[in-house]
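>>> Sequence and predicted structure, then a few things I'm wondering about:
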Amino acid sequence: MKKQHVNECRIQDMIEHIAQFTSTPGKGTTRLTYSAEHGDVRDYLQTKMKEAGLQTREDAVGNLFGRIEGKNPDLPPVLVGSHFDSVPNGGNFDGPAGVVAGLETAFIFQELGLKPERPVEIIAMIEEEGGRFGSGLLGSRFLTGQVTQKDLHELKDQNGISVAQAMLDFGLDPSKSDQVELSTGSLHAFLELHIEQGPILEQNQEDIGIVTEVVSLSQLDVTVSGAAGHAGTTPMNARKDPMVGAASVIAKIPNIVMEVDKAAVGTVGRIVAQPGGANVIPNSISFSVDVRSPMAENVAKIKDSLRTELKQLLDNGLTFDINEKITIPSTPMAKDIQKQFAKDADASGVKWRSMHSGAGHDAMILSKITQTGLVFVPSRDGISHAPEEWTDYDQLAKGIEVIFRTTKALAE
């Protein structure tokens, strides 16, 4: 690698410090939005932003910003960052790696005495994973005006606490959530670094991936309803068991997906039985369905096939309901930013490849209001959303070096 501006030890220290804030120590990172751990990381990040000379602010929904003022403060800023929430029992790098990329960029600007022409802002966003409220990319969706006041009261965690109530408990005012929306053109660009969460970069011994597009995705909550009964006294032929019906549909999802699109994926990650007693036939089964494909029309076809399978349950006296939580079409990243990433990777001696993203990221949401760029760094064995998630710090440093150089270029 050629001349490097980043401080690898500082990067490691920030990642490891953030990782301490988890509700499941020793069992991975669990940091849910508006939790005590959320507040601890918010406070730590704010301290680091101030150390880097940034002007800090927290918006009405809890997104944290730090600003490097530009020579021309009226110009739209370059925004750099990612999210700081986690899935339950996840890893240390998914999200925080991108936040640290923004922080390290700010430290480099400070150490080099750089005064950009336009402002640079660092952002740490909330609830990208949907780990608490089951609706991902929430922080960036707030910023792009895609979350309503109604949503704040309807989206609830597993304890029945709504986003609005959780905000109040955290010291935020949900009635002001619409004030965070950014207008089209209010940002010059958004840059995000993220771990790949797949094996391609590691297998090909490449340093970074320059993302060309993010695949289409849709997340659903499906509820199959029947009739509760005693597990010991209700004959098998007299049951309306939603667990049996839901299981039959879930088992067919892999074939449904592959018949439509061999490049698509479908996942059931959460199943909840009500009332949940071991000796009770449930009256309802709720399960999540996550569908992704490079082609939005194939996501729609998969959902149509799922509905067809669910309709067959009606013959057994069962009913169903589908709640579509979020659907996003495939999203291209800005070609000019891709070119700048490639130029800066070459200048820093970083080996790169172009690739698409099979995971959703905040960059795809913010592309609605500005040009966006997304860089991947390798994930060991392709593992993510697990305690074993790992990216070597020298690999992370190479990706951050590219982020810094591109930020500098876009801010000039």
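Looks like it came in fine.
>>> C-alpha only now, for contacts and for neighbours.
Fine.
>>> Could you list the buried residues of the worst-scoring helix or strand of the chain on mean pLDDT?
In the chain, the helix or strand scored least confidently by mean pLDDT, DSSP states H and E is strand 319-328, which has a mean of 92. Residues of strand 319-328 classed as buried under the neighbour-count rule (16 or more other C-alpha atoms under 10 Å) are 319-320, 322, 325, 327-328.
>>> from the residues you listed, which single one is nearest Leu396?
Of all those, Ile328 has the smallest distance to Leu396: 28.3 Å, by C-alpha to C-alpha.
>>> Give the bridge partners for the closest one, please.
Applying DSSP bridges to Ile328 yields these beta-bridge partners: Leu217.
>>> Surely Gly91 touches Gly28?
Yes - the pair Gly91 and Gly28 passes the contact test of C-alpha atoms under 8 Å, sitting 5.7 Å apart.
>>> Common neighbours of these two, please.
Residues touching both Gly91 and Gly28 by C-alpha atoms under 8 Å, 6 or more residues apart in numbering: 386-387.
>>> follow-up on the earlier one: put the alpha carbons of the least confident helix or strand of the chain into CSV.
C-alpha atoms of strand 319-328 as CSV (Å, rounded to 0.1, in the frame of the first residue of the first chain):
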residue,chain,number,x,y,z
THR,A,319,-56.8,-17.3,7.7
PHE,A,320,-53.8,-15.2,7.0
ASP,A,321,-52.7,-11.5,6.9
ILE,A,322,-49.6,-10.0,5.2
ASN,A,323,-48.1,-6.8,6.5
GLU,A,324,-45.6,-5.4,4.1
LYS,A,325,-43.0,-3.6,6.3
ILE,A,326,-40.7,-2.3,3.6
THR,A,327,-40.1,-2.7,-0.1
ILE,A,328,-37.2,-1.0,-1.9
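>>> what's next to the helix or strand following that strand, contact-wise?
Using DSSP states H and E, the helix or strand that follows strand 319-328 in sequence is strand 331-332. Contact partners of strand 331-332, identified using C-alpha under 8 Å, 6+ apart, comprise 212-216, 364, 367.
>>> and after strand 331-332, which helix or strand comes next?
helix 335-347.
>>> what helices or strands is that next one leaning on?
With contacts taken as 3 or more C-alpha pairs under 8 Å, 6 or more residues apart in numbering; DSSP states H and E, helix 335-347 sits against strand 208-214, strand 372-377, helix 393-411.
>>> Show me which residues of whatever helix or strand comes next after that helix are buried.
Using DSSP H and E, the helix or strand that follows helix 335-347 towards the C-terminus is strand 352-357. Neighbour counts over strand 352-357 (16+ other C-alpha under 10 Å) mark 352, 355-357 as buried.
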